[in-house]
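A.B. asks: the amino acid sequence is not available; the structure is as follows:
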């Protein structure tokens, strides 16, 4: 090191350094370098922490379809043990963006709102970087045990839940068996006990 | 040619088509087209300014190529004004660009009436003596004037306008105009139609906070002899009362109501700033009053005799948790009131114009509407002549600059080496020194350090000159540091491209703000 | 000699700064013709982005004494760029920005060499970025900034620019000066902007102060679906909900005018249905593409500040910005400089906790991963229990969830040196529970692991210079 770094004021006048480096580069080109290494983004590291600390509720399981080294894409299945949806099995796909936790993960499900967008406030306007994957998964389980009759995406289901909870329950059971409710066909999401 | 609407899309999103039209009508004169001037115009030409006239008497030399992007090798030996003008024209063929090969100092001396044909003059790299003269000429001719100067790592931008009347000041944060502290009958009536204690949880959490606050304020007033909360304790109680009305934990509308409750407590009537403007003697209109002051007179009458002390309603409401139906209805009520207020002021404007013997329809509906919508944010800025500032400085003001960091920031000087904790002092120091260099130049026929050779002599001369400037300003006790004097001589009147681009950028931004008669700008004291 | 006239030179004005000494200059400033010539010959600058800021930066740098400049940008020129990206003309629409911008500046400023790279920043190998002395950012996305920041910080402490992964810090955890890759970052929005100087390891990096960029507020889907109130709600409904409903599987392309028109039409219908005013085509584009208004002057101001800082870092001709400048021309004019401090535990620019492992046991089974994990529990600076360990994107061991624990369990009995690809010095990350003053909290830490006296390490040290 040169005499420059007397205190923390090492900023400024870097040209001599540039010059040395440029000359070094010419000399050492023949040596070759190490192959480029994969870098982890700050988002990946933070997600790593979230995952290592996961404390899943009894009703949830998690899978990593791309193996142990890709945590940015995973699946969570929820199997409610109470409420209208008990014994159903619901699979959610998580996509975690590189800017996590600055941005919330994207969560999809094939038949919550018919289109797969999950209406959970923490996934949109209420997301804060201090929240984590655990918070979201708890939010998801909450959707099943206490469906929200006020602000759902599935307009008709919500109205029915408000006006006629009994019919709502029967529709849910019917849909989960796999079948048609109104004009929509639902895939079966109850596991056959004999399978 | 590209479709202008698409080409200008990213700026139309800021200043709209009205602003763009104002820009396209403007004609600008640039004095000296070194990098500071060239960069100022570059930004304006890109945005689609109406016309530019470049004035510079010099020929291009090799050194100019090192700091000005609007020149290339083929220009050496040619007129600088001509060369720069040609490259500026390349940027936007919708702009009318011309040049005059003449030294600005000569023009100022011999042909002062020349400047009256422009909307605005951008004068760059002028020394004090020419600045003072040009300032008087432009003030007389009612032409707006902006000075820009780059000097080594420092620089200056200064606006000189007799009176700048601002309609759309577009401040960053401005309180919405909900009138919750003084609701008009229609708004009250609407609130009465809604039961905030509705049992249906969906309806309960979708009652807009405007209605909640109106109702709860009414309830409060009933139990407090008709008055609204005023003490801290009462305000706290009011918020508690609001919270007690919630029936579920996640009612965003009630959270919003608590946060917005101060809008109920805020005092009625117009702000002190607006009061000062309507009380200005200009609001006593005569036949040659500007449209702005005619509208101001109408506004004054409206506030005094019709609205009970309130400005015309703005008419827009912020987004809030609500059912679509309630929200849309609220919007309509606010819009209707704003329209009624506008019509009333429009009527007054027409009457005043008639009384003054002017064409009653000579101010457009759109202008009056914009005036009404922005009534709470109206601004008037007036500037002293530069000569007054120089010869009769406000010493207390200057002392303040030298001591108060935040305040000095608003001063005209921008140091280009913003070292934390040094920036402000450096900045004010350079202000003094920039004036000292001009005096130096007048005495010695060159700027300190302009030519090669040892700087010692120039440093001591500049130091003496700076002491003279300070004592003329009445700051006998203050000094400028040795370091700054040294730096100033080292700069040797260099016009660095990056500094010129910075100063030119600020100058062009100020030009735009002056034109649009909105956004309040640099020195609004 | 006091009034002798300098011979004509392009460098007339710049020479005043580079050839004369001053009192407010950087450390080790050595004015003279050699400095000017070295700037031209040895300083290599990368400009990231050739948009509103990038065009200005290329011009400013080319006229500030730099001759070796590269520019990288993946975009092509659009008509809406022309109100500020002054290097482009109508006839350039559709061409790559980086290529046109480089060509235009070289045509105008002779002697400057600008190499364009028409590609994504991620397409370049990491060592590409190490070839530059200073990286100047003219970007409009947080994500791209974060990426370049992590790349620049990854060079910190590397012994040689070709030997990434060999870390060397001094005893105070300060990185070697030659491994600091300075970044100058600019950003604008309308009449506002910022310019900042990032010296990784010295001043806060982008990640240390990520909170400066508030996350974009998104509307709740429930509002869009159930209680729309504003024009933007109607537009986002058409864009986020209705599009997928009708075009199953077909991705929405914001640059396809037909897609945009479709969203606009649907938004208008929805607005009519609810009696909501204000849906226009322009607003639809603005909301869907999240368009940030942009004007020439702000870009010019911010870029100029960035170019000036670049010159100051390289030459030392004046003190550098410390370290974050904000410009606000909305009401009046406010320029403010704030000195932020770096997060010493930052995962991106922080040095990490040094862990030295003894060579005599390194190659033995005793330093298998499980022993290492136990060691962290007793390490005075860490006191980390139940650690999960990852190395360059590979999860060596995960404590939870069970499915990952199972997948990584077999690593516990392998030597750490082997798990780290037999690299003698490298960074790993650990997460776990730490206790401080009797309080337990979870934490994520960066560690600098050094296997002492492994063959080759000492050689590397000397080869790295210094």
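C.D. replies: Done, it's in. All figures in this text were calculated on a predicted structure; none of them were measured in a lab.
A.B. asks: can you pull out the low-pLDDT segments for chain B?
C.D. replies: For chain B, residues meeting the criterion pLDDT under 70 lie at B:1-2, B:169-173, B:389-428, B:476-478, B:516-525.
A.B. asks: where along it do the strands fall?
C.D. replies: B:27-31, B:51-55, B:96-100, B:120-124, B:144-151, B:154-160, B:163-166, B:379-382, B:413-415 (DSSP state E).
A.B. asks: any weak-confidence spans in the chain?
C.D. replies: Reading this off chain A. Across chain A, the ranges flagged by pLDDT under 70 are A:1-12, A:25-39, A:109-122, A:124-125, A:147-156, A:178-195.
A.B. asks: actually chain C
C.D. replies: If you take pLDDT under 70 as the line, chain C has these spans: C:1-6, C:158-168, C:171, C:331-332, C:359-366, C:453-466.
A.B. asks: please enumerate the strands of it.
C.D. replies: Using DSSP E, the strands assigned to chain C run over residues C:44-48, C:68-72, C:113-117, C:134-138, C:183-189, C:192-198, C:324-328, C:334-338, C:353-357, C:384-391, C:394-397, C:425-436, C:439-451.
A.B. asks: about what we covered before: between the strands of chain B, which gets nearest to chain C?
C.D. replies: strand B:413-415 (6.5 Å; CB to the nearest CB). The way it works is simple: take the backbone N, C-alpha and C, and place the C-beta from them, glycine included.
A.B. asks: adding mean neighbour count and distance to chain C, write the strands of chain B out as a markdown table.
C.D. replies: What follows is the strands of chain B, written out as a markdown table (neighbours: other CB atoms under 10 Å in any protein chain shown; distance: least, CB to the nearest CB, whole Å):
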| stretch | mean neighbour count | distance to chain C |
| --- | --- | --- |
| strand B:27-31 | 24 | 14 |
| strand B:51-55 | 23 | 14 |
| strand B:96-100 | 17 | 15 |
| strand B:120-124 | 26 | 13 |
| strand B:144-151 | 26 | 10 |
| strand B:154-160 | 24 | 8 |
| strand B:163-166 | 18 | 10 |
| strand B:379-382 | 18 | 10 |
| strand B:413-415 | 23 | 7 |
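A.B. asks: reformat those strands as a markdown table; add distance to residue B:227.
C.D. replies: Formatted as a markdown table, the strands of chain B follow (distance: least, CB to CB, whole Å):
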| stretch | distance to residue B:227 |
| --- | --- |
| strand B:27-31 | 56 |
| strand B:51-55 | 60 |
| strand B:96-100 | 63 |
| strand B:120-124 | 52 |
| strand B:144-151 | 49 |
| strand B:154-160 | 46 |
| strand B:163-166 | 36 |
| strand B:379-382 | 33 |
| strand B:413-415 | 50 |
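A.B. asks: sorry, back to before: for residue C:106, which of the strands of chain C is the nearest?
C.D. replies: strand C:113-117 (5.6 Å; CB to CB).
A.B. asks: isn't residue C:367 up against residue C:418?
C.D. replies: No - using CB atoms under 8 Å, residue C:367 is not in contact with residue C:418, being 9.9 Å away.
A.B. asks: so between these two, which is more surrounded?
C.D. replies: residue C:367 (22 against 13; other CB atoms under 10 Å in any protein chain shown).
A.B. asks: any idea how many residues pack against the residue nearest to residue B:64 when sequence neighbours are not counted?
C.D. replies: Distances taken as CB to CB, 6 or more residues apart in numbering or on different chains put residue B:71 closest to residue B:64, at 5.6 Å, once the chain neighbours are dropped. Residue B:71 sits with 26 neighbouring residues when counted by other CB under 10 Å.
A.B. asks: show me what contacts residue B:71?
C.D. replies: B:60, B:64, B:65, B:80, B:83, B:84, B:87 (CB atoms under 8 Å, 6 or more residues apart in numbering or on different chains).
A.B. asks: can you tell me how far the first one is from residue B:149?
C.D. replies: If I follow you right, that is residue B:60. 21 Å (CB to CB, to the nearest Å).
A.B. asks: got it, and residue B:48?
C.D. replies: To residue B:149, residue B:48 is 26 Å away according to CB to CB.
A.B. asks: tell me the phi and psi of the residue in the stretch 1-150 of chain B positioned nearest to chain A?
C.D. replies: Nearest to chain A in the stretch 1-150 of chain B, going by CB to the nearest CB, is residue B:66, at a distance of 18.8 Å. Residue B:66 adopts backbone torsions of phi -80, psi -10, taken as degrees, to the nearest 10.
A.B. asks: tell me who's in contact with it.
C.D. replies: Neighbouring residues of residue B:66 by CB under 8 Å, 6+ apart: B:497, C:9, C:10, C:11, C:12, C:13, C:14, C:63.
A.B. asks: just the strands in chain A please.
C.D. replies: In chain A, the strands defined using DSSP E lie at A:60-63, A:73-78, A:90-95, A:106-108, A:179-181, A:184-186.
A.B. asks: distance to chain C and mean neighbour count added to these, as CSV?
C.D. replies: Shown next, in CSV, are these (distance: least, CB to the nearest CB, whole Å; neighbours: other CB atoms under 10 Å in any protein chain shown):
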stretch, distance to chain C, mean neighbour count
strand A:60-63, 5, 17
strand A:73-78, 10, 18
strand A:90-95, 13, 18
strand A:106-108, 11, 17
strand A:179-181, 17, 13
strand A:184-186, 12, 14
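A.B. asks: thanks a lot, see you next time.
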